[in-house]
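[1] Pasting a predicted model and its sequence here:
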Amino acid sequence: MRSVYFYITICVMTAGILLSTSAVEAGKRVNLDITAASFRKLPIAVPYFEDKKQPGRTSASGRTMADIASRALEFHGFIDIVDPGSYGGKQATEWDTVGADFTILGTYSVSKKGLVLELRFNDVHEGRMLLGRRYKGDWKNRRKFVLKFCDEVVERLTGKPGISTTQIAFVSDATGKKEIYLGDILGDHIRQVTKHNHLAVSPRLSPDNKKLAYTSYHRGNPNLYLTNLATTNTRAISRRSGLNMAPAWSPNGKRLVTTLSKDGNPDLYLLQSDGSIIKRLTANAGINVSPNYSPDGKELAFVSDRSGQPQIYIMNMRAGTSRRLTYQGLENTTPDWSPDGQWIAYTGRANGQYHIFKIRPDGSGMEQLTKTWGDHESPNWSPDSRQIVFSRKRNDSSKLIVMSHSGKGLKPLFTIKGNQTSPQWSNRIK
């Protein structure tokens, strides 16, 4: 493996954040194949960040920033964080003795001008820095800086940016009513988006992460709504009689496909983002629901019972023709296309329980991913196509679970009260 010297200072003015840019030296990425069967998790040490004004001393802020970095890196599934308790969290440590292959060392200073945070990603065995960043800005942005750096570390290792800055929308009944929430992947900041005090379902984040489409019953009919996440302004975009359900955003964010039953049969319609109908996509061929675009926008996966049982179909958006994708199992629903276009994850019924499956868009390679007890439903891919989030119901309690694309490493996502269902992963936040 060839290491890289890379140090850069970034300066970008945005929302009061100042970062300045200058590349010192760059080279190849490490580019590890984390999908290989023989791959072992990388041990990385993240000692407590040091305040330059108090070198060698541990502060609460330094502990907190290091903990954020550790949890964000570990979330990606191929990294093991060396317990800082095993070496006292000190940066002056003989890393070979604690089993670390890599380290992230952070130093910071705070003045009237704001925060200066310096982070370095180092190869222990070769004694080289692989990545360096200096961030300048408001103290309140320290978390953003740390998460941004973690995503660059992941990219340096694998060739793909990390997902530390992403969020997940979901439905929860924490208030006694099913409302829609939005949380960061670490579960540190979770907020309630809808406050209709009524049933809200099918959250769908726009590709630019600025808007949330969903269905709510608070007016007595399942209507389609759109919320601006920055301003919380909400407007109805479809109040047609009958169902206005489960919207799917086109990759460019300009159109939506949703299920309408205004003419009796639940069919798929293509809408402008203001709710006006462009065209009807299906016509009276069974119940048609759960649309999901392919990453290139050329095809649409959806569920139809036109064969007698719910199965997954794929529609060519230009030609309007459809083909059946799933043939095994009597009930296959909630398709979700991986961002790299290689797989479609879905819910299928097997041995009396619901489980998560994946299948290639050409119908090959079908594989059952979940095998633990309980009902596993509504899979949704992470932006890097490496993980899947879904809801798992056990003993009348539904929680969000994350696993790798191969079905390994299942772990609960949030530790909050109430049931959580219908997760949807955001794109990376720019």
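    Yes, it's here. Numbers count the residues shown, from 1 in each chain.

[2] rest of the way, CA atoms for contacts and neighbours
    Noted.

[3] what does the domain assignment say about the chain?
    What automatic domain parsing lists as the domains of the chain is 7-158, 167-425.

[4] now the helices for the stretch 51-200 of the chain?
    Shown for the stretch 51-200 of the chain, the helices assigned by DSSP state H, counting those that start in this stretch span residues 60-75, 142-158.

[5] where in the stretch 251-400 of the chain is pLDDT low?
    Counting by pLDDT under 70, the stretch 251-400 of the chain contains no low-confidence segment.

[6] Swap in 80 and give it another go.
    284 (pLDDT under 80).

[7] What segments of it are strands?
    Here the stretch 251-400 of the chain has its strands, by DSSP state E, counting those that start in this stretch, at 255-260, 267-272, 277-280, 288-293, 299-304, 311-316, 322-324, 332-337, 344-350, 353-359, 367-368, 375-381, 387-394, 397-404.

[8] Just send the ones you listed back as JSON lines, with distance to Ser238 and mean neighbour count too.
    Converted to JSON lines, these look like this (distance: least, C-alpha to C-alpha, whole Å; neighbours: other C-alpha atoms under 10 Å):
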{"stretch": "strand 255-260", "distance to Ser238": "9", "mean neighbour count": "26"}
{"stretch": "strand 267-272", "distance to Ser238": "9", "mean neighbour count": "22"}
{"stretch": "strand 277-280", "distance to Ser238": "10", "mean neighbour count": "14"}
{"stretch": "strand 288-293", "distance to Ser238": "16", "mean neighbour count": "26"}
{"stretch": "strand 299-304", "distance to Ser238": "20", "mean neighbour count": "24"}
{"stretch": "strand 311-316", "distance to Ser238": "23", "mean neighbour count": "22"}
{"stretch": "strand 322-324", "distance to Ser238": "26", "mean neighbour count": "15"}
{"stretch": "strand 332-337", "distance to Ser238": "22", "mean neighbour count": "26"}
{"stretch": "strand 344-350", "distance to Ser238": "27", "mean neighbour count": "24"}
{"stretch": "strand 353-359", "distance to Ser238": "31", "mean neighbour count": "23"}
{"stretch": "strand 367-368", "distance to Ser238": "36", "mean neighbour count": "16"}
{"stretch": "strand 375-381", "distance to Ser238": "24", "mean neighbour count": "27"}
{"stretch": "strand 387-394", "distance to Ser238": "27", "mean neighbour count": "23"}
{"stretch": "strand 397-404", "distance to Ser238": "29", "mean neighbour count": "21"}
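
[9] Run through the neighbouring helices and strands of the helix or strand containing Ser422.
    According to DSSP states H and E, Ser422 maps onto strand 420-425. Contacts defined by 3 or more C-alpha pairs under 8 Å, 6 or more residues apart in numbering; DSSP states H and E place strand 420-425 against strand 167-172, strand 200-205, strand 375-381, strand 387-394, strand 397-404.

[10] what residues does it touch?
    Strand 420-425 has contacts (C-alpha atoms under 8 Å, 6 or more residues apart in numbering) with 166-173, 201-205, 377-383, 389-391, 398-400.

[11] Distance to Met65 added to the strands of the stretch 251-400 of the chain, as JSON lines?
    Putting the strands of the stretch 251-400 of the chain into JSON lines (distance: least, C-alpha to C-alpha, whole Å) gives the following:
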{"stretch": "strand 255-260", "distance to Met65": "39"}
{"stretch": "strand 267-272", "distance to Met65": "43"}
{"stretch": "strand 277-280", "distance to Met65": "48"}
{"stretch": "strand 288-293", "distance to Met65": "37"}
{"stretch": "strand 299-304", "distance to Met65": "41"}
{"stretch": "strand 311-316", "distance to Met65": "44"}
{"stretch": "strand 322-324", "distance to Met65": "49"}
{"stretch": "strand 332-337", "distance to Met65": "34"}
{"stretch": "strand 344-350", "distance to Met65": "35"}
{"stretch": "strand 353-359", "distance to Met65": "35"}
{"stretch": "strand 367-368", "distance to Met65": "38"}
{"stretch": "strand 375-381", "distance to Met65": "28"}
{"stretch": "strand 387-394", "distance to Met65": "25"}
{"stretch": "strand 397-404", "distance to Met65": "24"}
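
[12] looking at these, which is closest to Gly162?
    Judged by C-alpha to C-alpha, the one of the strands of the stretch 251-400 of the chain that comes nearest to Gly162 is strand 387-394, at 11.4 Å.

[13] now the angle from that closest one to strand 332-337?
    160 degrees (axes from the mean of the first three to the mean of the last three C-alpha atoms, to 10 degrees).

[14] What strands line up against strand 387-394, and which way round?
    Strand 387-394 sits in its sheet next to strand 375-381 (antiparallel), strand 397-404 (antiparallel), going by DSSP bridges.

[15] what's the angle from the first one to strand 353-359?
    Angle between the axes of strand 375-381 and strand 353-359 is 30 degrees (criterion: the same axes, to 10 degrees).

[16] The chain should start at 228 in everything you say after this.
    Got it, first residue is 228 now, which makes that one strand 602-608.

[17] Distance from strand 602-608 to the middle of the chain?
    Averaged C-alpha coordinates place strand 602-608 at 13 Å from its chain's average position (C-alpha atoms, centre = their mean, to the nearest Å).

[18] quick one: the residue nearest to Gln318 when sequence neighbours are not counted from Glu594, how far?
    Of all residues not flanking Gln318 in the chain, Pro274 sits nearest, at 5.6 Å (C-alpha to C-alpha, 6 or more residues apart in numbering). Applying C-alpha to C-alpha, to the nearest Å, the value for Pro274 to Glu594 is 40 Å.

[19] In TSV: the strands paired with strand 614-621, plus distance to Asp307.
    Converted to TSV, these look like this (distance: least, C-alpha to C-alpha, whole Å):
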stretch	distance to Asp307
strand 602-608	22
strand 624-631	15
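
[20] which residues sit in contact with Ser503?
    464-465.

[21] ok, Thr561 touching Pro606?
    Yes. Judged on C-alpha atoms under 8 Å, Thr561 makes contact with Pro606 at a distance of 7.2 Å.

[22] Out of the strands of the stretch 478-627 of the chain, flag the one nearest Ile417.
    Closest of those to Ile417 is strand 624-631, at 13.6 Å (criterion: C-alpha to C-alpha).

[23] Dump that closest one to PDB, restricted to CA.
    Once non-C-alpha atoms are left out, strand 624-631 reads as follows in PDB (Å, rounded to 0.1, in the frame of the first residue of the first chain):
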ATOM      1  CA  SER A 624     -42.200  -2.800  18.900                       C
ATOM      2  CA  SER A 625     -40.800  -1.400  15.600                       C
ATOM      3  CA  LYS A 626     -37.200   0.000  15.500                       C
ATOM      4  CA  LEU A 627     -34.900   1.100  12.700                       C
ATOM      5  CA  ILE A 628     -32.000  -1.200  12.000                       C
ATOM      6  CA  VAL A 629     -28.900  -0.700   9.700                       C
ATOM      7  CA  MET A 630     -27.000  -3.500   8.100                       C
ATOM      8  CA  SER A 631     -24.400  -3.900   5.400                       C
END
